[in-house]
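**Q** what would the 3D arrangement of this be:
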Amino acid sequence: MAIIGCGGMASYHLKQLEEVRNKKAVDFEIVAVCDLKRERAKDFANRAEKFQGKRPLEVADSAKLLDTGDLDAVDIATDHCSHHAIAIPFLKSGVHAMVEKPLAITMRAARNMIDAAKDGGATLAVAENYRRTVAHRALKWIVANGHIGELHMIFSGGVGGAPNWGRDVVMAGTPWRHDKLTSGAGPVLDNGVHEADLFRYFAGDVTQAIGVTKTFEGTRYLRDQKGTVLESVRSTVEDAGFAILQHESGSITLWAPAYWAGHGENSALGKWLYGSKGAVKEDNLILDSGFRMNASSFFLLNAPMEEKEQYFPFRLTDSVAIELYDFLVSIQRGRKPETDGMEGYKAMAISYAVIESSHVNAPVDVKEVEDLKVEGYQREINEKLAIA
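**A** Below you'll find the predicted structure:
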């Protein structure tokens with residue numbers, strides 16, 4: 001396999017690939033690392049050589065990797081606007097690809113990736129780790145097994161507010177996140193696609209979204225540790241979103257991904273799920289009968305061992321390690337990964353339904369976003385990046 005993009009999230013991927021290898025969970029070799037910045041690629045090559053004993057090739061242009069001839073898979077962790085451009089040539093050539101979330105910068109770009117994977121007979125996966133935590137596996141199991149009865153409502157969201165999260169800072173020190181043409185959108189898509197996936201995971205498909213997005217901070221600042229402004233960035237994406245989601249099952253989700261906005265201090269709803277017999281508030285199971293218990297502990301004590309081993313193979317507990325394991329094993333065994341391209345696509349559609357709803361000031365059907373019938377907000381991105 002090759003790692004394309006050697007930035008912050010990719011660094012965590014590399015760390016967890018080492019863990020997967022140490023557990024002898026999957027047999028794989030990193031044969032190449034790719035980044036536009038030579039020093040970052042060199043650092044990754046050094047780290048990979050240390051745990052696998054063989055040094056990967058260092059390249060700056062991902063296209064050159066297609067000429068190596070011995071490449072089975074790529075792990076892509078670059079900015080959103082390049083996901084489709086990098087992945088599609090590999091997928092068409094039959095090289096399997098896992099792409100960091102969101103799957104692509106627009107729905108149309110994501111659809112092109114899915115089509116390319118189908119044409120090339122390749123596996124396409126999205127790096128979706130949130131559903132793989134113990135707490136979220138517990139929530140899924142509790143809901144699926146009827147412990148809180150019929151699921152009625154989900155509440156989720158939060159506000160930034162902390163000195164390095166929210167306010168007027170550049171998120172994660174990456175100015176491209178605030179540019180519509182490189183990021184697509186702000187927290188509704190960037191952080192939010194994780195939660196959109198969870199809403200589907202817990203309550204099933206979302207049919208309609210009513211959304212409002214806001215840009216409270218029009219200018220963001222990159223500062224050093226002393227607070228000196230190093231760079232100012234004009235933001236062309238939202239920094240907060242507010243939505244009501246209607247699920248096919250009848251459940252309602254109230255969602256407020258305002259993570260990049262807010263002053264003072266941060267606030268979080270956690271995940272609150274209410275059913276006909278009780279609720280789970282963050283990681284606390286609370287039933288009408290008076291029963292109370294930590295939700296993760298309840299799951300670990302009561303779920304069948306076979307199910308727990310399926311969720312946490314080889315006793316892997318880090319959610320990123322598990323997503324990487326699942327991708328690699330899906331290739332070796334010829335099966336679909338848990339979060340394949342279509343799972344990533346449907347999660348994206350929820351995020352974009354909220355954004356498109358705000359754009360037209362009206363409710364939006366998620367299916368119409370999936371079918372590329374509603375893409376008014378995305379049109380500028382598609383046109384500027386020549387995404388057909």
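**Q** where do the helices sit along this structure?
**A** 8-22, 38-52, 83-92, 107-120, 134-144, 180-183, 192-203, 295-302, 305-311, 319-333, 341-360, 366-370, 379-384 (DSSP state H).
**Q** got a list of what residue 180 touches?
**A** Taking C-beta atoms under 8 Å, 6 or more residues apart in numbering, we find residue 180 in contact with 236-237, 380-381. Any C-beta I mention is one placed from the backbone N, CA and C, and that applies to glycine too.
**Q** what about 7 Å?
**A** The contact partners of residue 180, taken as C-beta atoms under 7 Å, 6 or more residues apart in numbering, are 236-237, 381.
**Q** which parts of stretch 327-344 are buried?
**A** 327-331, 337-344 (16 or more other C-beta atoms under 10 Å).
**Q** touching it from outside, list them.
**A** Residues outside stretch 327-344 that contact it (C-beta under 7 Å, 6+ apart): 26, 28, 72-73, 96, 98, 101, 103, 113-114, 117, 123-126, 128, 197, 326.
**Q** next one: stretch 237-245
**A** With C-beta under 7 Å, 6+ apart as the criterion, stretch 237-245 contacts 178, 180, 183, 185-188, 192, 199, 206, 209-217, 252-258, 260-261, 350, 354.
**Q** could I get the helices of the chain as a markdown table with mean pLDDT and distance to residue 248?
**A** Output for the helices of the chain, formatted as a markdown table (pLDDT from 0 to 100; distance: least, C-beta to C-beta, whole Å):
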| stretch | mean pLDDT | distance to residue 248 |
| --- | --- | --- |
| helix 8-22 | 96 | 32 |
| helix 38-52 | 97 | 43 |
| helix 83-92 | 98 | 28 |
| helix 107-120 | 98 | 19 |
| helix 134-144 | 98 | 15 |
| helix 180-183 | 98 | 29 |
| helix 192-203 | 98 | 9 |
| helix 295-302 | 98 | 25 |
| helix 305-311 | 96 | 25 |
| helix 319-333 | 97 | 26 |
| helix 341-360 | 98 | 12 |
| helix 366-370 | 98 | 10 |
| helix 379-384 | 98 | 28 |
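**Q** for residue 66, find the nearest of those helices.
**A** Closest approach to residue 66 among these is made by helix 83-92 (6.4 Å; C-beta to C-beta).
**Q** I'd like the C-alpha coordinates of the closest one written as CSV, please.
**A** The C-alpha trace of helix 83-92 is given here as CSV (Å, rounded to 0.1, in the frame of the first residue of the first chain):
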residue,chain,number,x,y,z
HIS,A,83,-9.7,13.5,-3.0
HIS,A,84,-11.5,12.7,-6.2
ALA,A,85,-8.6,13.9,-8.4
ILE,A,86,-6.1,11.6,-6.7
ALA,A,87,-8.4,8.6,-6.1
ILE,A,88,-10.1,8.2,-9.5
PRO,A,89,-7.0,7.2,-11.6
PHE,A,90,-6.1,4.6,-9.0
LEU,A,91,-9.6,3.2,-8.8
LYS,A,92,-9.9,3.0,-12.6
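**Q** that helix - contacts with which helices or strands?
**A** Counting contacts by 3 or more C-beta pairs under 7 Å, 6 or more residues apart in numbering; DSSP states H and E, helix 83-92 packs against strand 73-76, strand 96-100, helix 107-120.
**Q** and the angle from it to helix 341-360?
**A** Here helix 83-92 runs at an angle of 150 degrees relative to helix 341-360 (axes from the mean of the first three to the mean of the last three C-alpha atoms, to 10 degrees).
**Q** hmm, who's touching helix 83-92?
**A** 4, 62-63, 66, 74, 76, 78, 97, 99, 103-105, 109, 112-113, 116-117, 119-120, 122, 124.
**Q** just the buried ones among those residues, please.
**A** Counted by 16+ other C-beta under 10 Å, the contacts of helix 83-92 give 4, 62, 74, 76, 78, 97, 99, 103-105, 109, 112-113, 116-117, 120, 122, 124 as buried.
**Q** is it true that residue 376 touches residue 359?
**A** Yes: the pair residue 376 / residue 359 is scored as a contact, 5.2 Å apart, by C-beta atoms under 7 Å.
**Q** who has more neighbours, the two?
**A** residue 359 (18 against 11; other C-beta atoms under 10 Å).
**Q** my read: residue 81 touches residue 105, true?
**A** Yes: with contact defined as C-beta under 7 Å, residue 81 reaches residue 105; the gap is 4.9 Å.
**Q** please name whichever of the helices of the chain is nearest to residue 266.
**A** Closest to residue 266 of the helices of the chain is helix 192-203 (C-beta to C-beta; 16.0 Å).
**Q** so where do the strands sit in the stretch 101-250 of the chain?
**A** 124-127, 151-159, 206-214, 219-223, 229-234, 240-247 (DSSP state E, counting those that start in this stretch).
**Q** tell me which of the ones you listed sits most buried.
**A** The highest average neighbour count among the strands of the stretch 101-250 of the chain, using mean count of other C-beta atoms under 10 Å, belongs to strand 124-127 at a mean of 27.
**Q** tell me what that one is packed against?
**A** strand 96-100, helix 107-120, helix 341-360.
**Q** redo that, cut-off 8 Å
**A** If you count contacts as 3 or more C-beta pairs under 8 Å, 6 or more residues apart in numbering; DSSP states H and E, strand 124-127 packs onto strand 96-100, helix 107-120, helix 319-333, helix 341-360.
**Q** average pLDDT across it?
**A** Per-residue pLDDT over strand 124-127 has a mean of 98.
**Q** contact partners of that strand?
**A** With C-beta under 8 Å, 6+ apart, strand 124-127 has contacts from 13, 75, 77, 87, 91, 96-103, 113-114, 116-117, 320, 323, 326-327, 330, 337, 339-341, 343-344, 347.
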